[in-house]
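S.K.: Build me a structure from this.
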Amino acid sequence: TITSIYDTQIFNAGDAASYKDLEDATITTVFMPAAGQIVLRYRINAETSYTTIFTNTTNNSISHIANNIESSGAALPKDYKEIQFRIESTGGAEVTGFSIIEDKKGRRHV
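M.R.: Numbers count the residues shown, from 1 in each chain. You can find the predicted model right below:
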């Protein structure tokens, strides 16, 4: 019943001045138990609150990939400079890996 929370480092693709788009995010796990749940959230550019990308409760799954905000179908974040993730696990779910794909767009001149 306890929720484990892991906050990642802040990612900037090695360049805090360039804009990025998040293309997809993947969490890998040990086989998900019947009561297991993984929630992936993000925040961009030092926002104070997180937005949920997905909640995975699929029994026996070992990975979950998202290329949108699954609850609404909205696009993943675009035009950010930095992004941070929060992974929450409950019900005995064990995270074994996390990966993202970003599109680095370069600097904008205004």
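S.K.: Any regions of the protein where pLDDT drops low?
M.R.: 1, 106-110 (pLDDT under 70).
S.K.: which residues sit against stretch 27-40?
M.R.: 25, 52-64, 66, 85-98 (C-beta atoms under 8 Å, 6 or more residues apart in numbering). For glycine as for every other residue, the C-beta is placed from the backbone atoms N, C-alpha and C.
S.K.: try 6 Å
M.R.: 53-57, 59-64, 87-98 (C-beta atoms under 6 Å, 6 or more residues apart in numbering).
S.K.: Generate a PyMOL selection restricted to the buried entries among those residues.
M.R.: To isolate the buried members of the contacts of stretch 27-40 in PyMOL, using 16 or more other C-beta atoms under 10 Å:
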select buried, resi 53+54+56+57+61+64+87+88+89+90+93+95
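S.K.: So which of the contacts of stretch 27-40 belong to strands?
M.R.: 53-56, 63-64, 87-90, 95-98 (DSSP state E).
S.K.: Save the residues you listed as TSV, and put in distance to Lys78 too.
M.R.: Converted to TSV, those look like this (distance: C-beta to C-beta, whole Å):
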residue	distance to Lys78
Ile53	14
Phe54	18
Thr55	22
Asn56	23
Ser63	24
His64	21
Ile87	22
Glu88	24
Ser89	27
Thr90	30
Val95	26
Thr96	28
Gly97	24
Phe98	20
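S.K.: does Val39 have beta-bridge partners, and which?
M.R.: For Val39, the beta-bridge partners are Thr55, Glu88 (DSSP bridges).
S.K.: Could you report the separation of Ala38 from Thr8?
M.R.: To be clear, residue 38 is Ile; Ala isn't right here. Per C-beta to C-beta, to the nearest Å, Ile38 is found 14 Å from Thr8.
S.K.: how about the strands of the protein, start to end?
M.R.: Under DSSP E, the chain gives strands at 4-7, 19-29, 37-44, 51-56, 63-66, 78-80, 83-90, 95-106.
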